[in-house]
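Asks: What follows is a predicted structure for the sequence shown.
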Amino acid sequence: MGIGIAALMLRLCLSAPDSASEAPAAHPDASSTTAPPATVTAEITVTAHGVPTPLRETPAAVTVLDAEELEAAVPLALDDVLRQVPGFTLFRRSGSRTANPTTQGPSLRGLGGSGASRALVLADGVPLNDPFGGWVAWGRVPRIALSQVEVLRGGASDLYGAGALAGVVQLLRRSAAPGGLAPGDLAPGDLLLEAAGGEQRTAAFELWAARRRGRWSASLAGERFTTAGAVPVARDERGAVDVPAGSRHSSVEATVERAFAGPRSGGRLVLRGSNFTERRANGTPQQWNDTELDELVAGADLPVRGGDGRDGHATVRLWSTRETYEQTFSVVAPDRGSEVRNREQRVPSWMRGALARWALPLGDRTTLIAGLEARRTRGESDERALAAGRVTTTAAGGRQDAGGFFVEALLAPHPRWSLAAGLRADDWENTAGPIPPSTSPSAPAARRRERAVSPRLSLRFQTSDAWSLSLAGYRSFRAPTLNELYRGFRVGNVVTDPNPRLGPERLAGVELGAGWTGAGAARPRLAATLYWMELSDAIANVTVTSAPDLVRRRRENLGRTRARGLEIEGAFDATPRLRVAGAWQLVESTVESFDADPLLVGRRVAQVPQSQATASLRWRGAALDATFAARWSGAAFDDDRNTLRLDGFTVVDAEAARSLPGGFALFVAAENLLDETYVVGRAGVTTVGSPRLVRAGVRYRIGG
């Protein structure tokens, strides 16, 4: 069906007016697909601190991927693209194209994870983290609809609250807001399309289209992806039950915007509705999972007059998300010759939230940011256990109410000095009990209420036109998800139990950064950050019993872990057409204390390599574009006791694109070009990462 849609949309595109190919206008650094990059450095603006700020003036470690970089990236999945950011990882090494959704929670800076996210993922301010489990469906926002991705590393609960324990990944969409065009006129980037097919019966189709009339605009974005996948079990351990882990998903979102005129020029109202569906095979015939998710977002961005006549702005967002997640589990025979389904789960959940934020200039050197946020999340896990011909039904779940208030002052007492001081107070309450209510309404529901105060202080000193130094200290937190509190699961012969007594994770950290931005057409930049973070009551999967046929783990608040490390990233134009970039992270992430099991003290945190590095070359020719990227990861352990070693590996990606007249481009891309075999897990059976995937396709763009 996806190929049929692609053909239909291609015919529609061919009937549109021809125009020259042009890169997205969402970022000033983007250049034409048929011309060399501009030689004038454009200022990159980020929103990590709540107000638009030039990247080189931000007192935090922020990595930005603009529209040009996102388009040039080889991987299909956004989480694989983000792995070029130093320290970005999911729970396991496998990417979202093949991994179980419950392992797709991101983390940063070597904090590790238990499947739930230790970083908050936002799309224009609205959380994308799963309402029940905290993980992320990375295909929810079509990649073609993105204009920029910002990754803020380090505790960010002072502005973003629960979930921003180790940082924030902010997705910014392309906007179809009017820009002074005549009604009905086409503007650059009004239609973008990509269709491709390749190995493993893989097919992908993406579309972004927009129209404007007066102050009204509308856009439609969609993505369809399907693949037969590859067998995830290592070749020498496979049996008759091992089949490819295929997946398919589709996402669509429609947005309507109305721009303001007159005194409120620059403001807008926005309404967006979206749907995401996904089905995955988990590597055996009896194991699969389904996701169905709908979301509605309404909001406004308004200019606010500051005390000195400068404009500030206010942002309001209201959202409602409803999701149903289903998954099956099985017991596989030791010889992997047969399996028996033993568990079925259905997890309905929803979240409703509201955010209001003001940024108000109080003078030439002061900006005040303040805001309120509230969320309510409900969910349950309806489970059917199948054993000896009997079916046992259980239900567990609950509700989580959370709210917070934050304030931040941005000060510039001297042209070379800037200071950011922020504070946020959060309050949340968990109420246990199945939803709808259990058959025993007289049973009292367990309630637990917690509070957190999250301060942050950042200082930045511009030592010269090229060099800057920054220093930051912060505290942040993450509340346990409903999934961690109430839902168990099984992978292979490893059973992980929930823990309704879990408390929040709390992090304290300090970091010292140095940045250098060179002058001239080469656009050189280099940034380095030393950091020290201690995580108290970290939620981890702790081994309770271990036997050859069954390993039982339970989620626990591990006493204290520590991550200290160094991250370096940089980029420059080696020639007017060749962009070179790279990043490296060195981290020591260890357990510092755990009263329940002293043997864990001194062990490395599971799934965290001591070193990671990335490098990329991007050639922008007159008619031929090419990208070459490599990612290396050092060795890690798959378990808390450091007995299951995962060796280091290197993955190489490459793409070449040929521009054609009329806005077309043909491309061929290869993920894991060298077909590297690398281990991603040892939970009873050895699982491996995705093999080489070669695909070819066409891109099309209407623009002036």
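Replies: Looks like it arrived, so ask away.
Asks: Does V270 touch L302 like I think?
Replies: No: V270 is not in contact with L302 according to Cβ atoms under 8 Å; the separation is 11.5 Å. From N, CA and C alone the C-beta is placed, and that goes for glycine too.
Asks: Between these two, which has more neighbouring residues?
Replies: Counted by other Cβ atoms under 10 Å, V270 and L302 do not tie: V270 has more neighbours, with 20 against 17.
Asks: what's in contact with the strand or helix carrying that one?
Replies: Counting by DSSP states H and E, the element that carries V270 is strand 268-281. With Cβ atoms under 8 Å, 6 or more residues apart in numbering as the test, strand 268-281 has contacts from 100-101, 137, 139-140, 177, 229, 243-260, 287-301.
Asks: Which of those are buried? Put it as a ChimeraX command.
Replies: Selecting only the buried entries of the contacts of strand 268-281 in ChimeraX, with 16 or more other Cβ atoms under 10 Å as the criterion:
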select :100,101,137,139,140,177,229,243,244,245,246,247,248,249,250,251,252,253,255,257,258,259,260,287,288,289,291,293,295,297,299,300,301
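Asks: so of the contacts of strand 268-281, which ones are in helices?
Replies: Among the contacts of strand 268-281, no member falls in helices (criterion: DSSP state H).
Asks: How about L122, nearest residue that isn't a chain neighbour?
Replies: Q170 (5.0 Å; Cβ to Cβ, 6 or more residues apart in numbering).
Asks: can you tell me which residues contact that neighbour?
Replies: 47-48, 122-123, 149-152.
Asks: Reformat these as TSV; add neighbour count.
Replies: Shown next, in TSV, are these (neighbours: other Cβ atoms under 10 Å):
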residue	neighbour count
T47	21
A48	24
L122	21
A123	22
V149	21
E150	22
V151	25
L152	26
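Asks: what's the lowest-pLDDT member of the residues you listed?
Replies: The member of these with the lowest pLDDT is A48, at 71.
Asks: Skipping adjacent residues, who's closest to that one in space?
Replies: In space, A48 is closest to L152, 4.4 Å off (Cβ to Cβ, 6+ apart).
Asks: May I have the strands that pair with the helix or strand harbouring the one you found, each with its orientation?
Replies: In the assignment (DSSP H and E), L152 maps to strand 146-153. Sheet pairing for strand 146-153, assigned by DSSP bridges, gives strand 61-66 (antiparallel), strand 167-173 (antiparallel).
Asks: Can you say which of those strands is packed in most?
Replies: strand 167-173 (a mean of 24; mean count of other Cβ atoms under 10 Å).
Asks: Extract the C-alpha set from that one and format it as CSV.
Replies: Taking C-alpha atoms only, strand 167-173 is exported to CSV below (Å, rounded to 0.1, in the frame of the first residue of the first chain):
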residue,chain,number,x,y,z
GLY,A,167,18.8,16.5,29.2
VAL,A,168,16.2,17.4,26.6
VAL,A,169,15.8,16.4,22.9
GLN,A,170,13.7,19.1,21.3
LEU,A,171,12.2,18.5,17.8
LEU,A,172,11.2,21.7,15.9
ARG,A,173,8.8,21.3,13.0
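Asks: From the chain's centroid, how far away is it?
Replies: Taking Cα atoms, centre = their mean, to the nearest Å, one finds the center of strand 167-173 at 7 Å from the center of the full chain.
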